[in-house]
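Engineer: Curious how this folds, go ahead:
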Amino acid sequence: MQIWLTSALGLWAAYWAAIFAQVAHLRRLDDGVGASACARIAGCLLVAGGALFLFARI
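Structural biologist: Residues are numbered from 1 along each chain as shown. Presented below is the predicted three-dimensional model:
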């Protein structure tokens, strides 16, 4: 895989991780339903994004 594509996918995953983290925060403030699921998705996306970004740099 090309370096720029791997970096772009890593940044894209990190972007969506931030979106899901914000949704989890707002869900927790509202009624709490689905907050842990959104937080778990955000964590997985952040790990995947970080791994892709580091993989592109190696």
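Engineer: so who does the most centrally placed residue in the chain touch?
Structural biologist: Residue closest to the average C-alpha location in the chain (CA atoms, centre = their mean): Ala17, at 2.2 Å. Contacts for Ala17 (CB atoms under 8 Å, 6 or more residues apart in numbering) come out as 42-43, 45-46, 49. Yep, even glycine has a C-beta here, placed from its N, CA and C like the rest.
Engineer: And Trp12, by the same measure?
Structural biologist: For Trp12, the contact set (CB under 8 Å, 6+ apart) comprises Gly49.
Engineer: where's it, which helix or strand?
Structural biologist: Assigned by DSSP states H and E, Trp12 falls within helix 3-30.
Engineer: per-residue confidence averaged over the helix or strand just after that helix?
Structural biologist: The helix or strand immediately downstream of helix 3-30 is helix 35-57, counting by DSSP H and E. The average pLDDT within helix 35-57 is 89.
Engineer: how deep is Val33 tucked in, by neighbour count?
Structural biologist: Residues contacting Val33 under the criterion other CB atoms under 10 Å number 9.
Engineer: repeat for Gly10
Structural biologist: There are 20 residues near Gly10, going by other CB under 10 Å.
Engineer: give me every residue that touches it.
Structural biologist: For Gly10, the contact set (CB under 8 Å, 6+ apart) comprises 48-56.
Engineer: What is the nearest of the residues you listed to Gln22?
Structural biologist: Gly49 (15.3 Å; CB to CB).
Engineer: residue contacts, the nearest residue in space to Trp16 that is not next to it in sequence?
Structural biologist: Leaving aside its sequence neighbours, Trp16 sits nearest to Leu45 (CB to CB, 6 or more residues apart in numbering; 5.2 Å). Counting by CB under 8 Å, 6+ apart, Leu45 touches 13-14, 16-17, 20.
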